[in-house]
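# Curious how this folds, go ahead:
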Amino acid sequence: MKPKHAALQRTIGYQFQEPALLVRALTHRSFGADNNERLEFIGDGLVNAVVAELLYSHYPDLDEGSLSRLRSKLVSKEGLATLAERFELGSLVLLGAGERKSGGRHRASIMADTVEALAGGMLVEAGFGAASEIVASWFIADVTSLDIHTTRDAKTRLQEWLQGKGYPLPVYEVTAISGDDHDQVFEVVCSCKAASNRQVGTASSRKKAEQKAAAAMLEILEHE
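Residues are numbered from 1 along each chain as shown. Down below sits the predicted model:
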């Protein structure tokens, strides 16, 4: 077994009995037919279930919406890519020539998928119970250190702030849409009676742009 593979297994807390399964978990589809896509599929389910259970246990007072937002943060592409950095997966993932040249080792989606594939490999080899314990160890520190006061999205927090002060609800208006159909950028303006200036948010979807505009408005209101 390669020294880097041995180091990885010490880091993730699991020793694969079948080295070929570890290699498959580290193999991107661009490298060949024997890749990690199927392992990623079942690993995704395991990671979501484990993180949901950790959040449910550690935050008994949070409602379903808050728990869902926290889980989404932890198991997002960016969240899992951060975990991949801790595992130092970048140099271990097997990529096709095209992906290597285009910076695949630094692509968050590829790194996130590899984390899920590792979880899937453990599930296949060790079963749900053992694999769940290992995956839980990956996330427990992040779960316990979450700032649960920021679980509500910006639009919800802005609405609550305004209602608490006796103001009417904010108004969101799409002021511009640019880019091609498959790569659009939305510009949304948020206005409310509590502020004299409108705030703008831009993003790849109307919903995300509204959230950014709301966050900008909150920043103004909370610091006046």
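# Could you chop the chain up by domain?
3-150, 154-222 (automatic domain parsing).
# Would you mind giving those domains as JSON lines with mean pLDDT and mean neighbour count added?
Yep, even glycine has a C-beta here, placed from its N, CA and C like the rest. Shown next, in JSON lines, are those (pLDDT from 0 to 100; neighbours: other CB atoms under 10 Å):
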{"stretch": "domain 3-150", "mean pLDDT": "93", "mean neighbour count": "17"}
{"stretch": "domain 154-222", "mean pLDDT": "92", "mean neighbour count": "16"}
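# the longest helix in this structure is where?
helix 37-58 (DSSP state H).
# Contacts for that helix next, please.
For helix 37-58, the external contacting residues (CB atoms under 8 Å, 6 or more residues apart in numbering) are 24-25, 29, 62, 67, 70-71, 74-75, 80, 113-121, 123-124, 128, 131-132, 135-136, 139-140, 143-144.
# Extract the CA atoms of it and return them as PDB.
The C-alpha coordinates for helix 37-58 follow below in PDB (Å, rounded to 0.1, in the frame of the first residue of the first chain):
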ATOM      1  CA  GLU A  37     -19.600   7.300  -8.800                       C
ATOM      2  CA  ARG A  38     -21.500   4.400  -7.200                       C
ATOM      3  CA  LEU A  39     -19.600   4.700  -3.900                       C
ATOM      4  CA  GLU A  40     -20.400   8.400  -4.000                       C
ATOM      5  CA  PHE A  41     -24.100   7.700  -4.400                       C
ATOM      6  CA  ILE A  42     -24.400   5.600  -1.300                       C
ATOM      7  CA  GLY A  43     -21.800   7.700   0.600                       C
ATOM      8  CA  ASP A  44     -24.000  10.800   0.100                       C
ATOM      9  CA  GLY A  45     -26.900   9.100   1.800                       C
ATOM     10  CA  LEU A  46     -24.700   8.000   4.700                       C
ATOM     11  CA  VAL A  47     -23.200  11.400   5.300                       C
ATOM     12  CA  ASN A  48     -26.600  13.100   5.200                       C
ATOM     13  CA  ALA A  49     -28.000  10.600   7.700                       C
ATOM     14  CA  VAL A  50     -25.100  10.800  10.100                       C
ATOM     15  CA  VAL A  51     -25.000  14.600  10.100                       C
ATOM     16  CA  ALA A  52     -28.700  14.800  10.600                       C
ATOM     17  CA  GLU A  53     -28.500  12.500  13.600                       C
ATOM     18  CA  LEU A  54     -25.600  14.500  15.100                       C
ATOM     19  CA  LEU A  55     -27.500  17.700  14.800                       C
ATOM     20  CA  TYR A  56     -30.700  16.200  16.100                       C
ATOM     21  CA  SER A  57     -28.900  15.000  19.200                       C
ATOM     22  CA  HIS A  58     -26.800  18.100  19.900                       C
END
